[in-house]
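*Asks:* turn this into a structure:
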Amino acid sequence: MTGGPSPASVPFQAHIELLHILLADRERIVAGIQGLLNAQRKPSAYREDKVALAQRVEDAFFAADALTAGHAVLRGQLRQAHWSRGFRPREMPGMHNDLPDPGEMMVRAFNLWRQTRWPGQNGRARYAQALFNLYVLRELELLVMRIWDAGADAAQPRLAQVQALLDALWSASPGDQPVLVRDARWLIPIAQSPTTDELHPYFDVAEQLQASLTEDDRLEIHRATIALAGGHLRSQLRYYDMQGTPLDEPSLVLTSRRSNALDFSMTIQGLVPLLRAYEQACNDVDGDRRLALAGAILQGISADPQLFVNRVDLLGPYTMIEPLFIAIDAQGHAGYTPMGQRHVELLREYGTRIATAAPWLQLDCATFRPVAGSYSPYGVIYGFSSNITEHMVLKTLVPEEVPPFSLEDAFTEGDAGSGKLEWVSGWRKLPHISRDMQQKFDYPQQFAAQIFARIEDALRTGAGGQASAAFPTGRLFIEPAGGRPDAIAAGVAPLPVQYVLSSDVQVVAGYRARSCDEASLLHDRYEGEFAVSYQTSGGWIGISKDFLTDLPGTGRDVRIAGLPPQAAEVLQLMGLQLVARQ
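*Replies:* Sure, this is the predicted structure:
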């Protein structure tokens, strides 16, 4: 855990009051930011120090006459509370992995102006307004994560207070400013978008959400969560697609499935309640609600529709994260943690509900098919969801009319002539970006069509009840060290060494595993990349989840032998439906 104030000690109402004061003092604060942007004659050290610039921007906010000493102590408190809960962004050299930061955005603006021309007062004023909005939005993203601190019953009125502040931010914003995010419910997944070293807080939030708020609010937060996660995963695929790697390239399939245990598991957390509501809407013949839910579900499964529709038996193990979901009791036996038990129950429900929903989804999906000249969310490309708001802010650096769209609109379709396609395609069209780079990130119509075709194929197979015939699944036989395999298991091929990694030099020297340094192995273990891992006298061993697709996924049985008894129990729990009951 990161040091800082505990979530329970954060005075929510004091932060509400503080933000109201800052909104009322907008004109003075914007003037202060505009002064910071007048940097043409400043030394390069000033223009490149994003930490110092962010500090100066915050100084401008906290120089308000109406602020008291009690308000001053609130500075930075929301961020520290967020980090102390486990959401501290991981250091990623060369990449901004955090919520939008005014200092970072000032450095980017200076870079653009240096390569083109420095703006006059009006240009600086416009960008200062955008930075004001971005700062307040970031504070609201952090504040909305505190709605549960006083218990489940307090969450609903606190969410309403955040929404009221968000509305006030945009009502007082000049007309030449983009409305970055309209809906406070979308701020919850945005606040969780940076990559972190700790994974448990995401599941903690999901559990809190389950026990609070209205059903409509919960569903909208789930819709936002899987829309943003689905877009992030599709963007990863687009990166490889741009390098010339086909989407069905086996190595890409393996990498995508192995490295996304958290995103896959959180997608399940969101899909289950959406599928419940979708089934109800289908039964109630509620056409509008049915289509809205269908669109959300399709985006949720879009990164790997075959896995999410036709290969639920493989999906389960891929979503399992051993350090979070498995614990060893006082007697040395493995069992599910409460978090793990909840996840396994959701997986069971998901398997039933996606099978029921597949025929309906197949009928509904034609509504969302990408059409040339129109916009489809299957073509939106970004690293982290907060990057979208950064793009929108940077566009205020050029004298263009602001389109009437906010972040949420990137995840709904747009007809030809609506302006949405031009809006998304224009995010990276800035005067200092080369034409080749701009074209590289143009809206990828062909990619969006490919993604959607994979969804249709998976639903066609699922709706026809052909998944088990089209995708036979092998069984996983587990043989603890010292145990005797039964007659069936004895005839099953053992797991090839290529799937076993170890930092134990003796294990590697004995050709029982491939070499992997311990730091990398433990990192991958915590990220959920192993079907099972365990410590030896000389290091660690981990069995890569790649074997799931390569062996059971192609209908071949596999035997994993020689595991310590405790590790064998863990693998029994992690393997779920794949495990042969011996």
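*Asks:* quick check: domain ranges of this protein?
*Replies:* The chain breaks down into these domains under automatic domain parsing: 7-197, 213-368, 472-578.
*Asks:* quick check: mean pLDDT of the second one?
*Replies:* Per-residue confidence for domain 213-368 averages out to 96 on the pLDDT scale.
*Asks:* burial count for the closest residue to Leu159 other than its chain neighbours?
*Replies:* With Cβ to Cβ, 6 or more residues apart in numbering as the criterion, Leu159 has its nearest non-adjacent residue at 5.2 Å, and that residue is Ile147. Where you see a C-beta, it was placed from the backbone N, CA and C, and this is true even at glycine. For Ile147, the count of nearby residues is 24 (other Cβ atoms under 10 Å).
*Asks:* pretty sure Ile147 contacts Arg158?
*Replies:* Yes. Assessed by Cβ atoms under 8 Å, Ile147 is found in contact with Arg158 at 3.9 Å.
*Asks:* overlap in contacts of the two?
*Replies:* Phe12 (Cβ atoms under 8 Å, 6 or more residues apart in numbering).
*Asks:* pretty sure Glu349 contacts Pro273?
*Replies:* No. Taking contacts as Cβ under 8 Å, Glu349 lies outside contact range of Pro273: 9.7 Å.
*Asks:* give me the more crowded residue out of those two.
*Replies:* A count of neighbours by other Cβ under 10 Å puts Pro273 above the other of Glu349 and Pro273, at 20 against 16.
*Asks:* what separation is there between the more buried one and Leu159?
*Replies:* 17 Å (Cβ to Cβ, to the nearest Å).
*Asks:* can you give me the pLDDT of Gly3?
*Replies:* Value listed for Gly3 in the pLDDT field: 54.
*Asks:* what residues sit buried inside the helix or strand in which Leu137 is found?
*Replies:* According to DSSP states H and E, Leu137 maps onto helix 121-144. For helix 121-144, a neighbour-count test (16 or more other Cβ atoms under 10 Å) marks 123-144 as buried.
*Asks:* alpha carbons of that helix, in CSV - could you do that?
*Replies:* Only the C-alpha atoms of helix 121-144 are listed here, as CSV (Å, rounded to 0.1, in the frame of the first residue of the first chain):
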residue,chain,number,x,y,z
GLN,A,121,-3.6,36.2,-25.6
ASN,A,122,-6.8,34.7,-27.1
GLY,A,123,-5.0,31.4,-27.9
ARG,A,124,-3.5,31.2,-24.4
ALA,A,125,-6.8,32.1,-22.8
ARG,A,126,-8.6,29.3,-24.6
TYR,A,127,-6.1,26.7,-23.6
ALA,A,128,-6.1,28.0,-20.0
GLN,A,129,-9.8,27.4,-19.9
ALA,A,130,-9.3,23.9,-21.1
LEU,A,131,-6.6,23.2,-18.5
PHE,A,132,-9.0,24.6,-15.8
ASN,A,133,-11.6,22.1,-16.9
LEU,A,134,-9.1,19.3,-17.0
TYR,A,135,-7.9,19.9,-13.5
VAL,A,136,-11.4,20.1,-12.0
LEU,A,137,-12.4,17.0,-14.0
ARG,A,138,-9.4,15.1,-12.5
GLU,A,139,-10.4,16.1,-9.0
LEU,A,140,-14.0,14.9,-9.7
GLU,A,141,-12.6,11.6,-11.0
LEU,A,142,-10.7,11.2,-7.7
LEU,A,143,-13.7,12.4,-5.6
VAL,A,144,-16.2,10.0,-7.2
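*Asks:* list the residues that contact Gln208.
*Replies:* Gln208 neighbours (Cβ under 8 Å, 6+ apart): 148, 152, 155.
*Asks:* okay, now the closest residue to the last one other than its chain neighbours: neighbour count?
*Replies:* If I follow you right, that is Ala155. Distances taken as Cβ to Cβ, 6+ apart place Ser212 nearest to Ala155, at 4.1 Å, with adjacent residues excluded. Look at Ser212: counted by other Cβ under 10 Å, it has 19 neighbours.
*Asks:* check which helices and strands the host helix or strand of Trp540 sits against.
*Replies:* Of the helices and strands defined by DSSP H and E, Trp540 is found in strand 539-544. If you count contacts as 3 or more Cβ pairs under 8 Å, 6 or more residues apart in numbering; DSSP states H and E, strand 539-544 packs onto strand 500-502, helix 505-509, helix 518-526, strand 530-536.
*Asks:* let me know which of those is tucked in deepest.
*Replies:* With neighbours taken as mean count of other Cβ atoms under 10 Å, the helices and strands packed on strand 539-544 reach their highest mean count in strand 500-502, at a mean of 23.
*Asks:* per-residue confidence averaged over that strand?
*Replies:* Mean predicted confidence for strand 500-502 is 98.
*Asks:* packing partners for it?
*Replies:* strand 514-515, helix 518-526, strand 539-544.
*Asks:* please consider this matter closed, and thank you.
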